[in-house]
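In: no sequence for this one, just the structure:
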């Protein structure tokens, strides 16, 4: 590609990124260390914010055996293969949306409990245009799910991949945890830094860089590259990754800082006793009871809440190290906007998912759980004060039941594992998660019909006109 075409490609990419700025199409992630939680677990929460009709799906990928000599092609690089890939649960773009973005996986949890979410971040460095070289964020996500046994292995893998190939297109922060620890990895197209979350601490990230003068791991030449680019002068003070590599417009913008502050405020009060329920509540927050509360959130107000109508899915991972990983690592999954959705438990040892969670095309379809909850959210938005109380009762009742039965199943399946009955335990958890996911869709469909009737909406397709 000649210099002229390369320059045009870079400009087009930048125009796309400007379109996304402050449009709610961005994510929020929280990591909580094991000594900051009530039960000694590591907890991670993530809201995946996409376009209003960018549908999403949930799937399970089985482990695989491969010829180690085989290389694999990932846009836009060919990399060495491995002899074995691990199984994982993933949330990501539906097939048609994935075609548009040339990628699918957005967040996930593998068989070892390695779990992650990603947030777009904005760098001053020149982007590597997609289609030329470098690995996409989608490919890096897939690789850490397939190949990492621990969060630290995932961190080191991300660093090695960026050092070797570079990262094309949009760059992200990777927020990664396993049942023992949590890490933040902030990246540029060519560099990265990583910082371990203290066991007695937590980390909240919107869509900006957060690592400054202290980190645990980093790419070679990080400071030297900044000096060469004339972004940093060593004679003028200590090096700060965030201040040197970030787009200056996203250093302290309320679009990011308000989200982070509200979550920090809650977690600081709860430090040492944080629970899964607390993280679910934060993912649903519109800043109720504060001066920043407003619903539905509008793009015109950059002091955006954590929960927005563009959320494709939200997850809360509960990662316990005192149980077998198959039963101790649980992903609570809520499709579409979490304030009107249900967090359903999916055990890492489970392996089946209903068709309605895989079925998420670009057109409205009530056989898809994503479109059902999206329609429910749109119905509620048409009369929030009048309709949300019905959703809140349904949601709280359903999740109270799910929490109870998930705890019971965790004990039953753990006992099977400790007895050495691995297959029996796996079948038990797979049936359990499958049935809960399916029943949630059935019950949500019933609630949608009721609220459409109350709203005198005869055909839910009207919600999309």
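Out: Arrived safely, thanks for sending. These figures come from a predicted structure and were not determined experimentally.
In: what secondary structure does the closest residue in space to residue 357 that isn't next to it in sequence sit in?
Out: Nearest residue to residue 357, sequence neighbours excluded (C-beta to C-beta, 6 or more residues apart in numbering): residue 58, at 4.4 Å. In this view, the C-beta of every residue, glycine as well, is placed from N, C-alpha and C. With DSSP: H, G, I helix; E, B strand; the rest coil as the basis, residue 58 sits in strand.
In: For residue 58, list each beta-bridge partner.
Out: With DSSP bridges applied, residue 58 shows beta-bridge pairing to residue 91.
In: Over to residue 32?
Out: According to DSSP bridges, beta-bridge pairing links residue 32 with residue 43, residue 202.
In: got the contact list for the closest residue to residue 109 other than its chain neighbours?
Out: Spatial nearest neighbour of residue 109, excluding adjacent residues (C-beta to C-beta, 6+ apart): residue 115 at 4.2 Å. Counting by C-beta atoms under 8 Å, 6 or more residues apart in numbering, residue 115 touches 44, 107, 108, 109, 176, 177, 178, 317, 319, 329, 331.
In: same thing with residue 112?
Out: 86, 148, 149, 150, 178, 325, 329, 348.
In: And for residue 44?
Out: 29-32, 115-117, 175, 177, 182, 315-317, 319.
In: again, only this time at 10 Å
Out: 29-32, 107, 109, 115-117, 151, 175-178, 182, 197, 203, 279, 315-319, 331 (C-beta atoms under 10 Å, 6 or more residues apart in numbering).
In: can you tell me how far it sits from residue 132?
Out: Relative to residue 132, residue 44 is positioned 33 Å away (C-beta to C-beta, to the nearest Å).
In: SS state for the spatially most central residue of the chain?
Out: Nearest to the mean C-alpha position of the chain, by C-alpha atoms, centre = their mean, lies residue 117 at 3.3 Å. When classified by three-state DSSP, residue 117 comes out as strand.
In: Just the buried residues from the contacts of residue 112, in ChimeraX please.
Out: If you want just the buried ones from the contacts of residue 112 in ChimeraX, going by 16 or more other C-beta atoms under 10 Å, the selection is:
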select :86,148,150,178,325,329,348
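In: got a markdown table for the contacts of residue 112, with pLDDT, distance to residue 355 and secondary structure too?
Out: A markdown table is the format used below for these (pLDDT from 0 to 100; distance: C-beta to C-beta, whole Å; DSSP: H, G, I helix; E, B strand; the rest coil):
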| residue | pLDDT | distance to residue 355 | secondary structure |
| --- | --- | --- | --- |
| 86 | 98 | 24 | coil |
| 148 | 98 | 29 | coil |
| 149 | 98 | 31 | coil |
| 150 | 98 | 33 | coil |
| 178 | 98 | 30 | coil |
| 325 | 98 | 27 | helix |
| 329 | 98 | 25 | strand |
| 348 | 98 | 21 | coil |
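In: quick one: the strands in the stretch 151-300 of the chain?
Out: In the stretch 151-300 of the chain, the segments counted as strands under DSSP state E, counting those that start in this stretch are 171-177, 182-187, 192-196, 202-205, 217-218.
In: who wins for proximity to residue 296 among those?
Out: strand 202-205 (22.9 Å; C-beta to C-beta).
In: count of neighbours near residue 438?
Out: 17 (other C-beta atoms under 10 Å).
In: Which of the helices or strands spans it?
Out: Here residue 438 sits within helix 422-454, counting by DSSP states H and E.
In: Mind giving me the packing neighbours of that helix?
Out: On a contact count with 3 or more C-beta pairs under 10 Å, 6 or more residues apart in numbering; DSSP states H and E, helix 422-454 meets strand 56-61, helix 325-328, strand 329-335, strand 344-347, helix 355-358, helix 369-381, helix 384-418.
In: so of these, which one's packed in deepest?
Out: Stretch with highest mean neighbour count among those: strand 329-335 (a mean of 28; mean count of other C-beta atoms under 10 Å).
In: Parallel or antiparallel, which strands does that strand pair with?
Out: Here strand 329-335 has these sheet partners by DSSP bridges: strand 311-319 (antiparallel), strand 344-347 (antiparallel).
In: can I get these in a markdown table with distance to residue 460?
Out: Listed next are these as a markdown table, based on distance: least, C-beta to C-beta, whole Å:
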| stretch | distance to residue 460 |
| --- | --- |
| strand 311-319 | 19 |
| strand 344-347 | 22 |
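In: Identify whichever of those lies nearest to residue 388.
Out: It is, among the strands paired with strand 329-335 and with distance given as C-beta to C-beta, strand 311-319, at 15.7 Å.
In: Now do that closest one against strand 171-177, angle only.
Out: 30 degrees (axes from the mean of the first three to the mean of the last three C-alpha atoms, to 10 degrees).
In: Now do strand 311-319, average pLDDT.
Out: Mean pLDDT, computed over strand 311-319, is 97.
In: cool, and stretch 351-363?
Out: Mean predicted confidence for stretch 351-363 is 91.
In: same thing with stretch 227-235?
Out: Mean predicted lDDT for stretch 227-235 stands at 98.
In: what about that stretch, start to end distance?
Out: With C-alpha to C-alpha, to the nearest Å applied, stretch 227-235 spans 11 Å between its terminal residues.
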